[in-house]
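Novice: sequence first, predicted coordinates after that:
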Amino acid sequence: MTDAEQKLWYRLRAGRFQGWKFRRQVPLGRFIVDFLCEEARLIVEVDGGQHAERLREDSERTEWLGARGYAVIRFWNNDVLGNIEGVLATLSPALSQGRGRKKRAAEVRGSKSEGS
């Protein structure tokens with residue numbers, strides 16, 4: 001992991017961030033995502049400068065993950081290293097929105113099975 005990933009992982013692991021469970025370096029399809037909160041269907045990516053040159057690839061990756069029900073949020077290394085509290089403040093509402101997405105999807109699945 002990069003220094004930025006290590007710093008963020010320290011704050012996310014073991015339910016330290018508001019009780020949310022994160023995993024790191026999770027394979028999804030042909031991709032490996034930096035951090036995943038399955039309950040909120042949220043992927044957190046920490047990007048270095050090389051990603052400025054790979055915008056098309058990152059966009060395709062985000063689209064593929066989004067088609068599978070995941071939201072992707074990206075932070076630059078320097079944001080994580082220099083403003084970890086700001087990064088966490090951004091994550092909090094994204095996680096809550098993700099919980100709502102998952103709950104709505106479960107309700108739709110439940111409605112389909114009740115109508116069968």
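Specialist: Happy to help now that I have it.
Novice: assign residue 56 to helix, strand or coil.
Specialist: Three-state assignment for residue 56 (DSSP: H, G, I helix; E, B strand; the rest coil): helix.
Novice: I meant to write residue 39 there.
Specialist: coil.
Novice: from memory it sits against residue 21, does it?
Specialist: Yes: counting by Cβ atoms under 8 Å, residue 39 does reach residue 21; the two are 6.5 Å apart. For every residue, glycine as well, the C-beta is placed using N, CA and C.
Novice: ok, the residue sitting nearest the centre point of the chain - contacts?
Specialist: Central residue of the chain (Cα atoms, centre = their mean): residue 43, 1.6 Å from the mean position. Counting by Cβ atoms under 8 Å, 6 or more residues apart in numbering, residue 43 touches 28, 33-36, 65, 70-73.
Novice: pull out the buried residues from those.
Specialist: 33-36, 65, 70-73 (16 or more other Cβ atoms under 10 Å).
Novice: re the thing from before, surely the residue nearest to the centre of the chain is within a strand?
Specialist: Yes: counting by three-state DSSP, residue 43 is located in a strand.
Novice: closest to residue 1 out of the contacts of residue 43?
Specialist: Among the contacts of residue 43, residue 34 lies closest to residue 1 (Cβ to Cβ), at 8.3 Å.
Novice: residue boundaries of the helices in the chain?
Specialist: Along the chain, counting by DSSP state H, helices occupy 3-12, 55-67, 77-82, 84-115.
Novice: and those helices, which one averages the lowest pLDDT?
Specialist: Lowest mean pLDDT of the helices of the chain: helix 84-115, a mean of 72.
Novice: before we move on, the earlier item: would CSV of the helices of the chain with distance to residue 48 be doable?
Specialist: As requested, these are exported to CSV (distance: least, Cβ to Cβ, whole Å):
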stretch, distance to residue 48
helix 3-12, 8
helix 55-67, 12
helix 77-82, 5
helix 84-115, 15
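Novice: winner for burial among those?
Specialist: helix 3-12 (a mean of 18; mean count of other Cβ atoms under 10 Å).
Novice: thank you kindly, that will do.
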